[in-house]
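Asks: The following comprises the amino acid sequence and a computationally predicted model.
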Amino acid sequence: MCGESKVYTTHQTENSALSELQSIILNEKNNVPLFQRYRALFSLKGLGTEEAVDIIIKSIKAEKDSELFKHELAYCLGQLQNKKAIPVLIDLIKDPNEFVMVRHEAAESIGAISESETIEILKDYLNDPCKELADTCLLAIEKIKYDHSEESKKVDQGVNIYGSIDPTPATTETKDISELKNILCDQKRDLWSRYRAMFALRDINNDEAVEALSEALESDKTSALFRHEIGFVFGEMQHPKSAHVLKRVLGNATEAPMVRHEAAEALGSIASDEVFSVLKEYLNDRNDVIRESCEVALDMYEYENSNEFQYAIIPDTTSV
Ligand SMILES: [Fe+2]
Ligand SMILES: [Fe+2]
């Protein structure tokens, strides 16, 4: 899938690659397919420099059309944990006309950056009519408090093997799968505990853990946010046994788009033979978020089935 590579010296690499990445991510020429904008974004996330963060901020301010792409920009700003993203993320949370997934992801990213001063702002949205936003703010407040607590200093969880900054830590209280499943599937329990059980099961990542997460994904009636996070962790786990549940979720037109979106992208990263035709099928879905997710997921599928070294490297753009 890689085309011709351009060869730069180190300094040129930085400047030329950055301006090419900026042109792609901002779709300056108006002809860049979404999957390439995704790859440019993840290239910038991989660089993680001040300049890369500036370009992502510029892009999120300019993005008007794609809820999917804008939420991914917000996600990456949180993962990079650069404080200068805080003002733009707060503006997105505050805007009632902003896309739901974007407001959610902005709040989650404020949690990822984890500055105590932002707690007061998040508190204003705990009763927001947008339930996904309210739930995210609740988790983000808990996470920020946890990150600054004595308890978190005692438990050094380090970076998880997936390299993501999670909306809650994995629980360390038990590694027993049936106990974790009970917590995860208990719809009366608070989201914080259920998320912590979810991340512990993700880290176990065996057949039983996949079964527990699958059951929670299909039985939960309380929170689209909770279900979308299970879809997200399935994407990280890349366990082929989750594919059949994810296919059902993607095909369920009554499920929230944010959940179906995570199911599509998880299928793209599992990338087994069976997922290709399903992703193709929803490439024409009526919902923009689903259609675009399938476009990106098919590119992820191609990447997983290629010899490419890194997803983020863009054909014809990057270099060594
Ligand atoms: Fe999310
Ligand atoms: Fe997402």
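Replies: Perfect, I can see it now. Numbers count the residues shown, from 1 in each chain. Ligands and ions are numbered 1, 2, ... in the order given.

Asks: From now on I want contacts and neighbour counts done on CA atoms only, so please keep to that.
Replies: OK.

Asks: where's residue 266 relative to residue 135, distance?
Replies: 22 Å (C-alpha to C-alpha, to the nearest Å).

Asks: And the two? Which one has more around it.
Replies: Taking other C-alpha atoms under 10 Å, residue 266 and residue 135 do not tie; residue 266 has more neighbours (30 against 23).

Asks: List the residues that contact residue 140.
Replies: Contact partners of residue 140, counting by C-alpha atoms under 8 Å, 6 or more residues apart in numbering, are 107-108, 110-112, 122, 167-168.

Asks: and with 7 Å instead?
Replies: The contact partners of residue 140, taken as C-alpha atoms under 7 Å, 6 or more residues apart in numbering, are 107-108, 111, 167.

Asks: Also residue 171?
Replies: With contacts taken as C-alpha under 7 Å, 6+ apart, residue 171 has the following neighbours: 196-197, 200.

Asks: any weak-confidence spans in the stretch 51-200 of the chain?
Replies: 156-158 (pLDDT under 70).

Asks: if we go to 80?
Replies: The model of the stretch 51-200 of the chain has pLDDT under 80 over residues 156-159.

Asks: next one: the stretch 201-320 of the chain
Replies: Per-residue confidence of the stretch 201-320 of the chain (counting by pLDDT under 80) places the weak regions at 309, 312-320.

Asks: tell me, how many neighbours does the closest residue to residue 133 other than its chain neighbours end up with?
Replies: Here the nearest residue to residue 133 in space, its sequence neighbours aside, is residue 104; by C-alpha to C-alpha, 6 or more residues apart in numbering that works out to 4.8 Å. Here the number of neighbours of residue 104 (other C-alpha under 10 Å) works out to 24.

Asks: For stretch 255-263, list every residue counted as buried.
Replies: Residues 256-263 are the ones in stretch 255-263 that count as buried (16 or more other C-alpha atoms under 10 Å).

Asks: Return the alpha-carbon coordinates of that stretch using PDB.
Replies: The C-alpha coordinates for stretch 255-263 follow below in PDB (Å, rounded to 0.1, in the frame of the first residue of the first chain):
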ATOM      1  CA  GLU A 255     -27.800   1.300  18.900                       C
ATOM      2  CA  ALA A 256     -26.200   4.700  19.500                       C
ATOM      3  CA  PRO A 257     -23.800   5.800  16.600                       C
ATOM      4  CA  MET A 258     -20.900   6.200  19.100                       C
ATOM      5  CA  VAL A 259     -21.200   2.500  20.000                       C
ATOM      6  CA  ARG A 260     -21.600   1.300  16.400                       C
ATOM      7  CA  HIS A 261     -18.600   3.500  15.500                       C
ATOM      8  CA  GLU A 262     -16.400   1.800  18.000                       C
ATOM      9  CA  ALA A 263     -17.600  -1.600  16.900                       C
END
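
Asks: re the thing from before, put together JSON lines for the contacts of residue 171, with secondary structure and neighbour count on each row.
Replies: Supplementary listing: the contacts of residue 171 in JSON lines, determined by DSSP: H, G, I helix; E, B strand; the rest coil; neighbours: other C-alpha atoms under 10 Å:
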{"residue": "196", "secondary structure": "helix", "neighbour count": "22"}
{"residue": "197", "secondary structure": "helix", "neighbour count": "29"}
{"residue": "200", "secondary structure": "helix", "neighbour count": "22"}
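
Asks: Out of these, the closest to residue 277 would be?
Replies: Sorting the contacts of residue 171 by how near they are to residue 277, with C-alpha to C-alpha, puts residue 200 at the top with 31.7 Å.

Asks: Need the phi and psi values for the residue nearest to the closest one when sequence neighbours are not counted.
Replies: In space, and not counting its chain neighbours, residue 200 is closest to residue 170: 4.7 Å by C-alpha to C-alpha, 6+ apart. Listed backbone geometry of residue 170 is phi -70, psi 150, with angles given as degrees, to the nearest 10.

Asks: is it true that residue 170 touches residue 193?
Replies: No - contact status for residue 170 versus residue 193: not in contact, 9.2 Å apart, counting by C-alpha atoms under 7 Å.

Asks: Neighbour count for those two, which is higher?
Replies: For residue 170 and residue 193, the more surrounded residue by other C-alpha under 10 Å is residue 170, and the numbers stand at 21 against 17.

Asks: tell me the contacts of the more buried one?
Replies: Residues touching residue 170, when contacts are defined by C-alpha under 7 Å, 6+ apart, comprise 196-197, 199-200.

Asks: For those residues, could you give me JSON lines that also reports distance to residue 62?
Replies: Converted to JSON lines, those look like this (distance: C-alpha to C-alpha, whole Å):
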{"residue": "196", "distance to residue 62": "35"}
{"residue": "197", "distance to residue 62": "37"}
{"residue": "199", "distance to residue 62": "34"}
{"residue": "200", "distance to residue 62": "37"}
